[in-house]
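Visitor: sequence and predicted structure, then a few things I'm wondering about:
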Amino acid sequence: KAGVTQTPRYLIKTRGQQVTLSCSPISGHRSVSWYQQTPGQGLQFLFEYFSETQRNKGNFPGRFSGRQFSNSRSEMNVSTLELGDSALYLCASSLESGGGNEQFFGPGTRLTVL
Amino acid sequence: AQSVAQPEDQVNVAEGNPLTVKCTYSVSGNPYLFWYVQYPNRGLQFLLKYITGDNLVKGSYGFEAEFNKSQTSFHLKKPSALVSDSALYFCAVRDIGGFQKLVFGTGTRLLVSP
């Protein structure tokens, strides 16, 4: 089975721009979660989608949004980029939401904001 | 709200020696507990999980973890460390019931010297 794929792998943007990141989960997985990873803050939870519905949301400003499509693929969008948004954005999928379901991570998208 | 603590930023061990990476957690009910490993410029890889049952859980690459309810701990162990085990290790917890998010610790860097 193919793993979680994320596109693009690297992205360079300037302040004020917006960006859309894409995630394709493992086939059959219905839950997709997004995380932001930075050296200073570690791994921060952004949101989780399950069957096109947002199940959980982390403590990020409204500039961060996401959605999930009927084929379970997910996108996250960051508007009005700030320097502090530079990070590795990780997507993870799991068979179901919550419980003992382990998450499988993609390689991440490295976003640099100049 | 659930939380997890990894008290050591870095653990140093010589190749061939046993290793332990510590993790303690806090949940309102019973926990689901996970360990992940991250190699440089890669996403997180699932190692093992505890849902219920035996307190000693065996996972990938010879790793195991012991669940201790009274001490609210879930330490990661390996009898004989390899240089290739050098990586960043994350403990994560999810509270039982509902669609709880997965909460990660800050990570522990494991350095295995030859």
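Guide: Looks like it arrived, so ask away. Numbering: from 1, shown residues only, chains lettered A, B, ... in the order given.

Visitor: just the strands in the chain please.
Guide: Reading this off chain A. Along chain A, the segments classed as strands by DSSP state E run A:5-7, A:10-13, A:19-24, A:31-38, A:42-50, A:53-57, A:64-68, A:74-78, A:87-94, A:104-105, A:109-113.

Visitor: the intended chain is chain B.
Guide: In chain B, the segments counted as strands under DSSP E are B:3-5, B:10-14, B:19-21, B:24-26, B:31-38, B:44-50, B:56-58, B:64-68, B:73-78, B:87-95, B:103-104, B:108-113.

Visitor: who does the last one pair up with?
Guide: Strand pairing for strand B:108-113, determined by DSSP bridges: strand B:10-14 (parallel), strand B:87-95 (antiparallel).

Visitor: nearest to B:Gly53, of those?
Guide: The closest approach between B:Gly53 and any of these, judged by C-beta to C-beta, belongs to strand B:87-95 at 16.6 Å. From N, CA and C alone the C-beta is placed, and that goes for glycine too.

Visitor: now the angle from the closest one to strand B:73-78?
Guide: Per axes from the mean of the first three to the mean of the last three C-alpha atoms, to 10 degrees, the angle that strand B:87-95 makes with strand B:73-78 is 150 degrees.

Visitor: got the residues of chain B near chain A?
Guide: For chain B, the residues in contact with chain A under the definition C-beta under 8 Å from any C-beta of the partner chain are B:32, B:34, B:36, B:41-46, B:49, B:51, B:90, B:94, B:96, B:98-107.

Visitor: beta-bridge partners for residue 66, please?
Guide: Because you didn't say which chain, this covers chain A. Per DSSP bridges, residues listed as beta-bridge partners of A:Gly66: A:Met76.

Visitor: you looked at the wrong chain, it should be chain B
Guide: As for beta bridges, B:Glu66 partners with B:Leu56, B:His75 under DSSP bridges.

Visitor: also A:Val113?
Guide: For A:Val113, the beta-bridge partners are A:Lys13 (DSSP bridges).

Visitor: look at it and say how many residues are nearby.
Guide: Residues near A:Val113, counting by other C-beta atoms under 10 Å in any protein chain shown, number 19.

Visitor: cool, and B:Leu47?
Guide: Quick note: B:Leu47 (other C-beta under 10 Å) scores 21 neighbours.

Visitor: wait, it touches B:Gly59, no?
Guide: Yes - under the contact definition of C-beta atoms under 8 Å, B:Leu47 touches B:Gly59, with a separation of 4.5 Å.

Visitor: would you list the strands of chain B in TSV and tack on mean pLDDT?
Guide: Below are those laid out as TSV (pLDDT from 0 to 100):
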stretch	mean pLDDT
strand B:3-5	93
strand B:10-14	98
strand B:19-21	98
strand B:24-26	95
strand B:31-38	95
strand B:44-50	95
strand B:56-58	96
strand B:64-68	97
strand B:73-78	98
strand B:87-95	93
strand B:103-104	92
strand B:108-113	97
